[in-house]
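Engineer: dropping a prediction and its sequence here:
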Amino acid sequence: MKKVFITGANKSIGFETVRQLLQKGYYVYLGSRSLANGEKAVEKLKAEGLSEVEVIEIDVSDGDSVKAARAAVGRKTDVLDALINNAGISGGLPQTALGAHIETFKEVFDTNVFGVVRVTQAFIELLQKSPQPRIVNVTSISASFTLQNDPSWKYYEHKAAIYSPSKAALNMYTVNLAYDLRDTAFKVNAVCPGYTSTDFNDHNGTGTIEEAGARIAKYALIGADGPTGKLISEENFPETGEAPW
């Protein structure tokens, strides 16, 4: 049975991604900053008949917490087949380039960028033991320089001076990570789940949780002929999935 670790997975899109990968036959380590919330999520899944799941307490912004989570997973398995870096924060809205507070920048980057680096570096050894390892970094199309500079883009006026730069940095980390792993069986991609109706955006999104979860799960499941080092946005680019940087 293939195994996957997903951060920020006790609710919303992360939780739906867990559900869909369980339905695909994966064993899921459900990462949650709150152990209690994670346990509630696991109970809900088991009530649906999805039992191959357990919670792992992890705060991606805390190095000691990441190390403890890695040790916990390492006691349970020698191999991970996929890592989904889903945990993220917005920093609150609105965010303007001149009004955004530097401390909020630090907080958001610590989770959205440095958190991904912490987790990826901590779990890479387990992933390297898989014959077809996959890494999915959950990003946002709002980090596309091309689209953010296109006045005709439907979300052109949706600017977030902290959140979008954090995801742009994550995208560049994804490119570099894919490059480092280019001569291996790894597939590493930055995937946007779409503008989804969640509490993250006060339910202003237009897409469903189910659609978002499916988009993320898909790139944890791709075969040897799948893409790597790409920015994926199937909501905005349904034909190819690949979005411009």
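Structural biologist: Yep, that arrived. Not measured: the values here are computed from a predicted model. Residues are numbered from 1 along each chain as shown.
Engineer: show residues contacting the host helix or strand of V18.
Structural biologist: Assigned by DSSP states H and E, V18 falls within helix 12-23. The contact list for helix 12-23 (CB atoms under 8 Å, 6 or more residues apart in numbering) reads 4, 6-9, 28, 30, 41, 45, 48, 50, 52-53, 82, 84, 86-87, 138, 193, 196, 198-200, 209-210, 212-214, 216-217, 220-221. C-beta here means a position set from N, CA and C on the backbone, and glycine is covered the same way.
Engineer: tell me how far that helix lies from the chain's centre.
Structural biologist: Per CA atoms, centre = their mean, to the nearest Å, the displacement of helix 12-23 from the mean C-alpha position of its chain is 12 Å.
Engineer: again with stretch 154-161
Structural biologist: For stretch 154-161, the separation from the chain centroid amounts to 21 Å (computed by CA atoms, centre = their mean).
Engineer: span of that stretch from start to end?
Structural biologist: Taking CA to CA, to the nearest Å, stretch 154-161 runs 18 Å from one end to the other.
Engineer: so for it, what gets flagged as buried?
Structural biologist: Of the residues in stretch 154-161, 158, 160-161 count as buried by neighbour count, 16 or more other CB atoms under 10 Å.
Engineer: closest to S130 among those residues?
Structural biologist: Of all the buried residues of stretch 154-161, S130 sits closest to A160, with 34.8 Å by CB to CB.
Engineer: show me the contacts for the closest residue to that closest one other than its chain neighbours.
Structural biologist: With CB to CB, 6 or more residues apart in numbering as the criterion, A160 has its nearest non-adjacent residue at 4.6 Å, and that residue is Q95. By CB under 8 Å, 6+ apart, Q95 lies in contact with 104, 159-163.
Engineer: next step: those residues restricted to helices.
Structural biologist: 104, 163 (DSSP state H).
Engineer: mind listing the helices for this structure?
Structural biologist: Assignment of helices within the chain using DSSP H yields the ranges 12-23, 35-47, 63-74, 102-112, 114-127, 145-148, 163-180, 209-221.
Engineer: my guess is L231 meets C192, correct?
Structural biologist: Yes - using CB atoms under 8 Å, L231 makes contact with C192 at a distance of 7.5 Å.
Engineer: give me the common contacts of those two.
Structural biologist: Counting by CB under 8 Å, 6+ apart, the residues touching both L231 and C192 are 139, 141, 243.
Engineer: what degree of burial does the last one show, as a neighbour count?
Structural biologist: Residues within reach of A243, counting by other CB atoms under 10 Å, total 23.
Engineer: swap in the first one?
Structural biologist: Using other CB under 10 Å as the criterion, T139 is surrounded by 27 other residues.
Engineer: OK, contacts around it?
Structural biologist: T139 touches 167, 170-171, 174, 190-192, 231, counting by CB under 8 Å, 6+ apart.
Engineer: most neighbours of all the residues you listed, which one?
Structural biologist: That'd be A190 among those, by other CB under 10 Å, with 32 neighbours.
Engineer: ok, it to G229 distance?
Structural biologist: Distance of A190 to G229, computed by CB to CB, to the nearest Å: 9 Å.
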